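A.B. asks: what's the 3D shape of this:
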Amino acid sequence: MPTANYGTFLYGELFYGQTSKFTITTVVHTYLNLRVNFNEAAIDNAELRDISNYNIIVTSPSIDYDFEVLAVTPEAVTNPTYVDLMVTDCTHGGDYQLVITPDKIQNVSTAYMESGYNTKLFTGVSELPDVLTAHAVSSTSVRVTFSKTMAVNDEYLDPSNYSFTGGLVVKSVEAESESVVLLTTTEQEIGQIYDLTVT
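C.D. replies: Prediction:
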């Protein structure tokens, strides 16, 4: 359906009224996260954050996998234009359809996302991310770069998900971007080679 804005001059200012429906514009899958972008700002309420309002349907006949929504995190503003859905591990590729329960989520004009405007197709990632590089920045820090963008969530920042050989312990994790973390470690020994495992 085509959308349009109309304009009227009133006291020297242009007034715009929207004729478009509240809808999903894009869905981007990055390993354990789906970013769902809306065409308008939404009301941040219990319905927006309710995981039961987001369903993922497998549309590829070769995929036999249940893709579940575990948590919903809206953009950190009063009226978010997107939500991040934390999802189960899905590295099988394939095509999926996100369906938001109609008449539950509202835009700031209090219009509900209606049936017919509440779905979007997307393609899943096809492989697990790899560690591209891991190098010492100092005697107590290591910068790790991943091959794919990652969901910046509790798992991404959990020190127990990063382990080294040689007795080196990860004390904390700082996200520098969606694909780079800085690990704070115990004191590294000069000349010692450490192997990193990320789980």
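
A.B. asks: looking at the chain, which helix or strand is least sure?
C.D. replies: The helix or strand of the chain with the lowest confidence, counting by mean pLDDT, DSSP states H and E, is strand 5-10 at a mean of 38.

A.B. asks: and the contacts of stretch 43-57?
C.D. replies: 34, 36, 42, 67-72, 74, 78-80, 83, 85, 87, 96-101, 104-108, 110 (CB atoms under 8 Å, 6 or more residues apart in numbering). C-beta: built from backbone N, CA, C; applies to glycine.

A.B. asks: can you list the buried residues in that stretch?
C.D. replies: For stretch 43-57, the neighbour count (16 or more other CB atoms under 10 Å) marks I43, D44, E47, L48, N53, Y54, I56 as buried.

A.B. asks: same check, this time on stretch 123-142
C.D. replies: Applying a neighbour-count criterion of 16+ other CB under 10 Å, one finds G124, V125, P129, A134, S141, V142 buried in stretch 123-142.

A.B. asks: how far does that stretch stretch from start to finish?
C.D. replies: 33 Å (CA to CA, to the nearest Å).

A.B. asks: before we move on, what about stretch 29-44?
C.D. replies: 22 Å.

A.B. asks: repeat for stretch 119-131
C.D. replies: 34 Å.

A.B. asks: go on, stretch 117-132?
C.D. replies: End-to-end distance (CA to CA), stretch 117-132: 39 Å.

A.B. asks: sorry, back to before: strands - which of the buried residues of stretch 43-57 land there?
C.D. replies: Taking DSSP state E, the ones among the buried residues of stretch 43-57 that sit in strands are Y54, I56.

A.B. asks: export the buried residues of stretch 43-57 as a markdown table, with columns for distance to G191 and pLDDT.
C.D. replies: Below are these laid out as a markdown table (distance: CB to CB, whole Å; pLDDT from 0 to 100):
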| residue | distance to G191 | pLDDT |
| --- | --- | --- |
| I43 | 58 | 95 |
| D44 | 52 | 96 |
| E47 | 57 | 96 |
| L48 | 53 | 97 |
| N53 | 55 | 96 |
| Y54 | 51 | 96 |
| I56 | 49 | 90 |
